[in-house]
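Enquirer: Provided below for reference: sequence and predicted model.
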Amino acid sequence: MADNTVLSSGSGGNTIRTLDDGAIHWPVGAVAYASTVGTPDVLVIVTPTAGLPVQQQSGATFTVTGLAGTFPVTDSGGSLTVDAPVGTPVFIRLSDGTAAITALPVTDNGGSLTVDGTVSISGTVTVGSHAVTNAGTFAVQVDGAALTALQLIDNLVLLEDAAHVTGDPGMQALSVRKDAAAATSGTDGDYQSLITDATGRLWCNVSNTVTVTGLAGTFPVTDSGGSLTVDAPVGTPVFVRLSDGSAAITALPVTDNGGSLTVDGTVSISGTVTVGSHAVTNAGTFAVQVDGAALTALQLIDDAVSGTGFNISQINGTAVTMGNGASGTGVQRVTIANDSTGILAGVTTVTTVTTVGTLTGSGVAHDGADAGNPHKIGAKAESALSGITLVADGDRTDLYAGVDGVLIVRPHCNLEDVVQEMTTNTDGASTAFVSGLAAPGAGIRLYVKNVTLCNSSATFCTLDLRDGAAGSVLWTFPVPATGGVTHTFDPPLKLTANTALAFDASAATTTLTISVNGFKSKV
């Protein structure tokens, strides 16, 4: 037999999920629930990762007991209230979302901080200016019978981690030994003793992880006699109500943790403040009312700060001279800023000027009336214009001269960019020049200036100048038999960048001689 069963197998019915144990088929089903009240057709199938939800009904109480582990408690994006039975404190670990909070910061929130009760500060306390009177309550040393009674009480208090000594006084809480957990009273609501095992360990209930969602109200959470940890996701605060075991804590005691406590702002203390022993000296700053000459001087300084200003008659003990004139003792020496738009009045010689914006003499604008004396200018020496970097349209550019100082003025180039080549042909095929008029390089063009053709055969032909051997025809010359032709291009004939000049005769000749010169340029 095999798993699954076909309904009405003779007519091809539906297949249902079954398990075959070798004898019979066991039907396999799924647990589902209605996701919305009133719409039973909308079902959600229960999976191992999403269990069957449980809803608390009005007046119902859930008691969940597990064998081991802890219960995760979330605030569901709101707040979480933790209550404790009277006399049994609940320990809460606070978190800022990323780590446990071990100390609570104290701040006055920019206003005032009120501390009720007794504050003990072992560090340094800074107290603002205030009146000191005999009003209030002063601590009185306790002695006599009262002191003896306090000492007897103190004998009952043992320090944490103190070594045990036989005969130590103290108060003990007794428990009932139960090797198996069991009730010690038979009526609900009666007092009963704590129960421990044979080793004195307190019996506690530890439950498995259970997630319970209720319709309304809150769920009481207990720490099972231990501690309760409440964590919150980063950026989502969890609100926890603290309790001292008998009532809610509405105010946190303030302590300096054995160091110092700094409070910014105004502190109002309605109780008793105990300040540890410390020296009282005249060190520090005391508020003193300013009057007389000191007040007048401060008011004059304030006039300058507020914008009224004040006059300076001397600098470094020397009378101040203002305005234009020669430099000297008591004369302001001013450095003109490099972005200044001012004018140097009366200045006839300037040693070094990095940038000049406007010259009133020879600095005449384009298309302005000529005036003043000319300035001597120079050109940039360049051995080959084909090697320079082109500027953008509208940019300022250098003037160029040959290395001999002669200004380069077209037509059409300096001597270093002149190109020429002479060759012969007999087959009439399209042929590219291979030396002076070969491809000049990336971004560089050939310009043809002069052409001379000589036909020594008895056959008339034409000759095309081409933009590369397979390129377009740029110019066609008639070449008579036993004759020739010479031509000068003005303006010069331009080729495509990085393309060789080629020639193409219309027919084979005994000998056709081609001579060409020109120049190269990046333009």
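Expert: Thanks, I have the structure now.
Enquirer: Helices of the stretch 351-500 of the chain, residue ranges please.
Expert: Assigned by DSSP state H, counting those that start in this stretch, the stretch 351-500 of the chain shows no helices.
Enquirer: repeat for the chain
Expert: For the chain, the helices defined by DSSP state H cover 144-155, 292-306.
Enquirer: which of these has the lowest average pLDDT?
Expert: Sorting the helices of the chain by mean pLDDT places helix 144-155 lowest, at a mean of 62.
Enquirer: Show the model's pLDDT score for the nearest residue to residue 419 once chain neighbours are set aside.
Expert: Nearest residue to residue 419 in three dimensions, chain neighbours excluded: residue 436, at 4.5 Å (Cβ to Cβ, 6 or more residues apart in numbering). (C-beta placed from N, C-alpha, C; glycine too.) Per-residue confidence (pLDDT) for residue 436: 95.
Enquirer: for the record, mean pLDDT for stretch 470-482?
Expert: Per-residue scores along stretch 470-482 average to 97.
Enquirer: Alpha carbons only: can I get that stretch in PDB?
Expert: Taking C-alpha atoms only, stretch 470-482 is exported to PDB below (Å, rounded to 0.1, in the frame of the first residue of the first chain):
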ATOM      1  CA  ALA A 470      39.400  54.500 -49.700                       C
ATOM      2  CA  GLY A 471      38.100  57.900 -48.600                       C
ATOM      3  CA  SER A 472      36.200  60.500 -50.400                       C
ATOM      4  CA  VAL A 473      37.600  62.500 -53.400                       C
ATOM      5  CA  LEU A 474      38.700  65.900 -52.300                       C
ATOM      6  CA  TRP A 475      40.000  67.400 -55.600                       C
ATOM      7  CA  THR A 476      40.400  66.200 -59.300                       C
ATOM      8  CA  PHE A 477      43.200  67.400 -61.600                       C
ATOM      9  CA  PRO A 478      43.400  67.100 -65.400                       C
ATOM     10  CA  VAL A 479      46.900  65.800 -66.300                       C
ATOM     11  CA  PRO A 480      47.600  66.200 -70.100                       C
ATOM     12  CA  ALA A 481      49.900  63.700 -71.900                       C
ATOM     13  CA  THR A 482      53.600  64.500 -71.800                       C
END
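Enquirer: What are the buried residues along that stretch?
Expert: Across stretch 470-482, burial judged by 16 or more other Cβ atoms under 10 Å covers 471, 474, 477, 479.
Enquirer: same thing with stretch 427-442?
Expert: Using 16+ other Cβ under 10 Å as the test for burial, stretch 427-442 gives 428, 430-433, 436-440.
Enquirer: got the end-to-end distance for it?
Expert: 31 Å (Cα to Cα, to the nearest Å).
Enquirer: Pull the residues that contact that stretch.
Expert: Residues outside stretch 427-442 that contact it (Cβ atoms under 8 Å, 6 or more residues apart in numbering): 386, 419-421, 423, 425, 446, 461, 464, 466, 468-470, 497-509, 516-518, 520.
Enquirer: For ChimeraX, what selects the buried ones among the residues you listed?
Expert: With 16+ other Cβ under 10 Å as the criterion, this ChimeraX line picks the buried residues out of these:
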select :386,419,421,423,425,446,461,464,466,468,469,499,500,501,502,503,504,505,509,516,517,518,520
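Enquirer: Which of the contacts of stretch 427-442 fall within strands?
Expert: 419-421, 423, 425, 446, 461, 464, 466, 501-505, 516-518, 520 (DSSP state E).
Enquirer: Quick check: closest non-adjacent residue to residue 468.
Expert: Residue 468's closest residue in space is residue 499 (Cβ to Cβ, 6+ apart), at 4.8 Å.
Enquirer: where does the stretch 151-300 of the chain have low pLDDT?
Expert: 151-162, 166-174, 189, 204-240, 245, 252-261, 263-265, 280, 282, 284-290 (pLDDT under 70).
Enquirer: at 80 what do you get?
Expert: For the stretch 151-300 of the chain, the stretches with pLDDT under 80 are 151-175, 184-194, 200-300.
Enquirer: how about stretch 183-193 as CSV, C-alpha atoms only?
Expert: Taking Å, rounded to 0.1, in the frame of the first residue of the first chain, the C-alpha atoms of stretch 183-193 are listed here in CSV:
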residue,chain,number,x,y,z
ALA,A,183,1.4,22.7,50.1
THR,A,184,1.8,23.1,53.9
SER,A,185,-1.7,24.5,54.5
GLY,A,186,-5.0,23.1,53.2
THR,A,187,-7.1,26.2,52.7
ASP,A,188,-6.6,28.8,50.0
GLY,A,189,-5.8,32.2,51.5
ASP,A,190,-4.1,30.9,54.7
TYR,A,191,-0.6,31.8,55.7
GLN,A,192,2.0,29.1,55.1
SER,A,193,5.7,28.7,55.4
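Enquirer: Now flag whichever of the buried residues of stretch 470-482 is closest to residue 100.
Expert: Nearest to residue 100 among these: residue 471, at 82.0 Å, using Cβ to Cβ.
Enquirer: roughly how far apart are that closest one and residue 507?
Expert: Look at residue 471 and residue 507: by Cβ to Cβ, to the nearest Å, they are 21 Å apart.
Enquirer: which residues pair with residue 269 across the strands?
Expert: In this entry, residue 269 is beta-bridged to residue 115, by DSSP bridges.
Enquirer: actually residue 465, sorry about that
Expert: With DSSP bridges as the rule, residue 465 is bridged to residue 475, residue 503.
Enquirer: same deal with residue 512?
Expert: The partner residues for residue 512, given DSSP bridges, come to residue 425, residue 455.
Enquirer: The one 5 residues further on now?
Expert: Using DSSP bridges, the bridge partners assigned to residue 517 are residue 420, residue 450.
Enquirer: For the nearest residue to residue 413 once chain neighbours are set aside, grab the count of nearby residues.
Expert: What sits nearest to residue 413 in space, not counting adjacent residues and going by Cβ to Cβ, 6+ apart, is residue 519, at 3.9 Å. Using other Cβ atoms under 10 Å, the number of residues around residue 519 comes to 24.
Enquirer: Over to the one 3 residues further on?
Expert: Applying other Cβ under 10 Å, we find 17 other residues in the vicinity of residue 522.
Enquirer: and if you look at residue 416?
Expert: Neighbours of residue 416 (other Cβ under 10 Å): 16.
Enquirer: so what's it closest to, chain neighbours aside?
Expert: Leaving out its chain neighbours, the residue that sits closest to residue 416 by Cβ to Cβ, 6+ apart is residue 384, at 4.1 Å.
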